[in-house]
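Peer 1: Compute the structure for the input listed below.
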Amino acid sequence: MKPTTTLNEPSFNPQTLDKYATLMALGNGYLGIRATHEESYSLQTRGMYLAGLYHRAGKRDVTELINLPDVVGMHIELDGVIFTLLSGDMMTWRRELAFSSGEVVRDVVWRAPNGRRYHIESRRFLSAAQKPLFAMRLAITPLDYDAHISLSTGIDATQTNSGRQHLDEVSLRVYDERFLQGVYGVQESDVKVAIGCHCALTNAVHRVRAVNRKLVQHAVSQVALGETLIVEKICWIEGHPDETPANIEQTSLHALKAAVAAGYDALLAVSCKALAQWWAQCRVTLDCDDIQDQRALDFALYHLHAMTPFHDERASIAAKGLTGEGYKGHIFWDTEIFLLPFYVYTQPEVARRLLRYRWHTLPGALEKARRCGYEGALFPWESARTGEEETPEFAAINIRTGERQRVASALAEHHLVADIAWAVLRYVHITADDAFLQGEGGELLYQTACFWLSRTTEVDDHLDIHDVIGPDEYTEHVNNNAFTNYMALYNVAGALKYCPRSLFSADFTARAARFIARLRLPEPDPNGVLPQDDSFFSKPFIDLRRYQAEPGKQTILLDYSRAEVNEMQVLKQADAVMLFYLQPWLFSEAVQESSLKWYLPRTIHDSSLSKTVHGIVAARCNLADMAYRFWREGCQIDLGDDPHSSDEGLHAAATGAIWLGVIEGFAGISVTDELCIAPRLPEGWRTLRFPLCYKGIRLTIALTRTHLEMTASAPLTFRLFDKAVSLTGQGRFAYQDFI
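Peer 2: Alright, predicted model coming up:
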């Protein structure tokens, strides 16, 4: 079912230019284009990114996702007045992203400083069917007098990554006086990107020129009162991170001409048809009191489609997707933990490709482990295309001391290794893809397990894991972090149980058994609270309420140094709660509830993932009001009122967390040895409907406050509130019969 919801920008506000450039960004997994306005504003950051296309500008820089030449910008003059919403008056305003079509529309009536009014409507989309295709349409209607309109647009290669230039001009051409093409080479490589565009204006005179890294078409037109000047700009952006076809100039030009011949409306129709298949396969629908809940889900799924490189398994999903330059476009553990489960449950073939990204980068992980003195695979904390460590060695220079602070994540935040193993096992348990387990998945499991066998320290006849950082990055260099140790145990036990024996070294079985038997595992205290690490309980508690009032801002670091924060009971996010989310079977509901409540006053939620995870665990503990409150607050990470929440790009993992909060929290979906469902809908939700894929069986599940309805493409046995149910075709079940 296609969504009817939209994302609306409530007004034109210079303070939120970059926020909405992110929230309304276009994407199809191959390209991402920020939703900047056509006209220029000094406070907006333009951006176009091709998945997997990285470059390192200098030896002291890190690899970053390249910001490509801009094709969105237009310079518009109306009767000699430059069009800008910073002057004159806006008589009407509408700007929205339609999730169903992926089209962004802006519709304004603008009164220029000279008093003349113009109706200006712009539309744009990035094709879901033809990945290199981007199209724009601009319509300008004078409302008071005949108008003289001039417009300049084309390809602007002055675009940079915050001042860093990654591309050189290879060639600039104009064909048939209408088709503009720039070919740009990634510095110090043979990789090229071809960008072509065609701009058609009704009854216009035009000329083309190249100057200062810009290839520009300038056009002028006389438009009678009440008539409309139509501008259609069609672009074709083609490239590949690893190699460039010898004839890319001609093939991309041919594709551009074919697109221009089809026109905006026909191209949009084809794209909408392709996007409709996505929505049919994965949309979650609600019958609920607050439309904002449905909008948050549609927003999340729209961006999950926009950010995922379906075409290239050597690329993965960056922390900001394809919406901005935050974190340099690098990939983190977020992908495996918060984004991959969505695909495991809806499109397992995509999940498999995302895991194969880690398999392709395994050589880099093996080398990092060797270089650090460990066995097996130590994956980089921040990854790009090659699998090398991309985390900056140092943070920004302290302007008071002149010193740089070393970034510790790449040195000690090793839980990533077990997170990848968890994702492999999660995929296999839900899909039953034994071929993957016998091949790439098994190799990932084995090499990550070997890392943990070499990562321990023997203390008092136990094995400890020392000097680590858990997901809670406010607590650094601790011993026996609960999240890390339990995840490492799961990793090694999973390898021992599921990996092909042909992978094992001669002593692996014995070493793995010893690891499992002797690894020190933090245990709940007499109050049922799981300690985060060996030292956390002994640290002083401080009142965090004023910092909790501004989650995500890291305001505590304005009052305390990181070293001071490290010595207090202060959490960016609670590692114990994160552990309960990933391995709920480890501890009783009572322990999870006691720990959740104990850690809450100690948690600031400065991680964008914290609140949604708390919501899932709260739902499993039947804390309904808390669960829904945390889920709603998690939805506001990007969609909330903060004008700068998303300036550098979307919180990509938070979109996956929105979906997870509904499916694993409120719908109560889990998989151990079989599929389990334990619904717990929030107040105000009457029906929750969603598709699911389990071991190759396609399911449609509808939950009300009293019943479960399910259709299945094949016979299925599952558990509803811990009681076995057999289903053939379709069925309807009352909860009261199973509780």
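
Peer 1: What does the pLDDT read for the residue most central in space within the chain?
Peer 2: For the chain, Ala652 is the residue whose C-alpha lies nearest the centre (C-alpha atoms, centre = their mean; 2.3 Å). You'll see Ala652 listed with a pLDDT of 97.

Peer 1: Isn't it up against Leu340?
Peer 2: No. Ala652 is beyond contact range of Leu340, at 11.9 Å (criterion: C-beta atoms under 8 Å). Any C-beta I mention is one placed from the backbone N, CA and C, and that applies to glycine too.

Peer 1: Show me the shaky parts of the stretch 601-739 of the chain.
Peer 2: Of all residues in the stretch 601-739 of the chain, none has pLDDT under 70.

Peer 1: Where do the helices of it begin and end?
Peer 2: 610-620, 624-639, 652-660 (DSSP state H, counting those that start in this stretch).

Peer 1: Would you mind giving the ones you listed as CSV with distance to Thr391 added?
Peer 2: Converted to CSV, the helices of the stretch 601-739 of the chain look like this (distance: least, C-beta to C-beta, whole Å):
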stretch, distance to Thr391
helix 610-620, 21
helix 624-639, 23
helix 652-660, 17
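
Peer 1: so which of the ones you listed comes closest to Pro10?
Peer 2: Nearest to Pro10, of all the helices of the stretch 601-739 of the chain, is helix 624-639, at 12.0 Å by C-beta to C-beta.

Peer 1: Quick one: work out the angle between that closest one and helix 610-620.
Peer 2: Orientation check (axes from the mean of the first three to the mean of the last three C-alpha atoms, to 10 degrees): helix 624-639 against helix 610-620 gives 160 degrees.

Peer 1: Touching helix 624-639 from outside, list them.
Peer 2: For helix 624-639, contacts defined as C-beta atoms under 8 Å, 6 or more residues apart in numbering pick out 22-23, 292-293, 295-296, 299, 551-552, 608-609, 611-612, 614-616, 618-619, 645-646, 650-651, 654-655, 657-658, 661-662, 665-666, 680, 682-683.

Peer 1: Pull out the buried residues from it.
Peer 2: Under the neighbour-count criterion of 16 or more other C-beta atoms under 10 Å, helix 624-639 has 626-639 buried.

Peer 1: so where's the chain shaky on pLDDT?
Peer 2: 396-401.

Peer 1: and stretch 453-466, how far apart are its ends?
Peer 2: 13 Å (C-alpha to C-alpha, to the nearest Å).

Peer 1: Okay, buried residues for that stretch please.
Peer 2: The neighbour-count check on stretch 453-466 (16+ other C-beta under 10 Å) flags Leu453, Arg455, Thr456, Leu463, Asp464, Ile465 as buried.

Peer 1: Which ones among those residues map onto strands?
Peer 2: Counted as lying in strands by DSSP state E, out of the buried residues of stretch 453-466, are Leu463, Asp464.

Peer 1: Identify, from the buried residues of stretch 453-466, the entry nearest to Leu354.
Peer 2: Leu354 lies nearest to Arg455 out of the buried residues of stretch 453-466, by C-beta to C-beta, at 25.2 Å.

Peer 1: Identify the residues contacting that closest one.
Peer 2: Residues in contact with Arg455 (C-beta under 8 Å, 6+ apart) are Tyr374, His414, Ile465, Ala488.

Peer 1: So Phe379 is in contact with Ala365, correct?
Peer 2: Yes. If you go by C-beta under 8 Å, Phe379 and Ala365 touch, sitting 4.4 Å apart.

Peer 1: burial measure for the closest residue to Thr672 other than its chain neighbours, as a count.
Peer 2: Closest residue to Thr672 apart from its sequence neighbours, by C-beta to C-beta, 6 or more residues apart in numbering: Trp585 at 6.3 Å. Neighbours of Trp585 under the rule other C-beta atoms under 10 Å: 8.

Peer 1: what do you get for Lys273?
Peer 2: Neighbour count for Lys273, taken as other C-beta under 10 Å: 11.

Peer 1: All further residue positions should be reported with the first residue as 47.
Peer 2: Sounds good: first residue 47 from here, last item Lys319.

Peer 1: Quick check: bridge partners of Arg735?
Peer 2: Using DSSP bridges, the beta-bridge partners of Arg735 come out as Thr331, Ala748.

Peer 1: pretty sure it contacts Thr750?
Peer 2: No. Between Arg735 and Thr750 there is no contact, the gap being 9.7 Å when judged by C-beta under 8 Å.

Peer 1: and which of the contacts of Arg501 is nearest to Phe145?
Peer 2: His460 (38.3 Å).

Peer 1: what sits against that closest one?
Peer 2: Per C-beta under 8 Å, 6+ apart, neighbours of His460: Leu424, Phe497, Arg501, Val514, Thr530.

Peer 1: contacting residues for the first one?
Peer 2: Listed by C-beta under 8 Å, 6+ apart, the contact partners of Leu424 are Ala411, Lys414, Ala415, Cys418, His460, Val463, Phe497.

Peer 1: do the fourth one as well
Peer 2: With contact taken as C-beta under 8 Å, 6+ apart, Val514 is in contact with Ala458, Glu459, His460, His461, His523, Val524, Asn525, Asn527, Thr530.

Peer 1: Restricted to buried residues, select the contacts of helix 670-685 in PyMOL.
Peer 2: Applied in PyMOL, the following selects the buried portion of the contacts of helix 670-685 according to 16+ other C-beta under 10 Å:
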select buried, resi 68+69+339+341+342+345+597+598+654+655+657+658+660+661+662+664+665+691+692+696+697+700+701+703+704+707+708+711+712+726+728
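
Peer 1: picking that back up, what's near enough to touch the residue nearest to the centre of the chain?
Peer 2: His349, Met353, Ile363, Ala364, Ala365, Lys366, Gly367, Thr369, Asp380, Leu385.

Peer 1: before we move on, what about Lys260?
Peer 2: Contact analysis of Lys260 by C-beta under 8 Å, 6+ apart lists Gly200, Ile201, Asp202, Ala203, Thr204.

Peer 1: Then Ser317?
Peer 2: Each residue near Ser317 by C-beta under 8 Å, 6+ apart is listed here: Ser147, Gly148, Phe171, Ser173, Ala174, Ala175, Gln176, Leu179.

Peer 1: one more time with 7 Å
Peer 2: Contact analysis of Ser317 by C-beta atoms under 7 Å, 6 or more residues apart in numbering lists Gly148, Phe171, Ser173, Ala174, Ala175.

Peer 1: could those residues go into a markdown table alongside distance to Phe482 and secondary structure?
Peer 2: Converted to a markdown table, the contacts of Ser317 look like this (distance: C-beta to C-beta, whole Å; DSSP: H, G, I helix; E, B strand; the rest coil):
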| residue | distance to Phe482 | secondary structure |
| --- | --- | --- |
| Gly148 | 31 | coil |
| Phe171 | 35 | strand |
| Ser173 | 31 | coil |
| Ala174 | 27 | coil |
| Ala175 | 29 | coil |
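
Peer 1: now, among these, which is nearest to Gly228?
Peer 2: Nearest to Gly228 out of those is Ser173 (C-beta to C-beta; 20.1 Å).

Peer 1: now the contacts of Ser317 as JSON lines including distance to Ser581?
Peer 2: Shown next, in JSON lines, are the contacts of Ser317 (distance: C-beta to C-beta, whole Å):
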{"residue": "Gly148", "distance to Ser581": "49"}
{"residue": "Phe171", "distance to Ser581": "53"}
{"residue": "Ser173", "distance to Ser581": "54"}
{"residue": "Ala174", "distance to Ser581": "51"}
{"residue": "Ala175", "distance to Ser581": "55"}
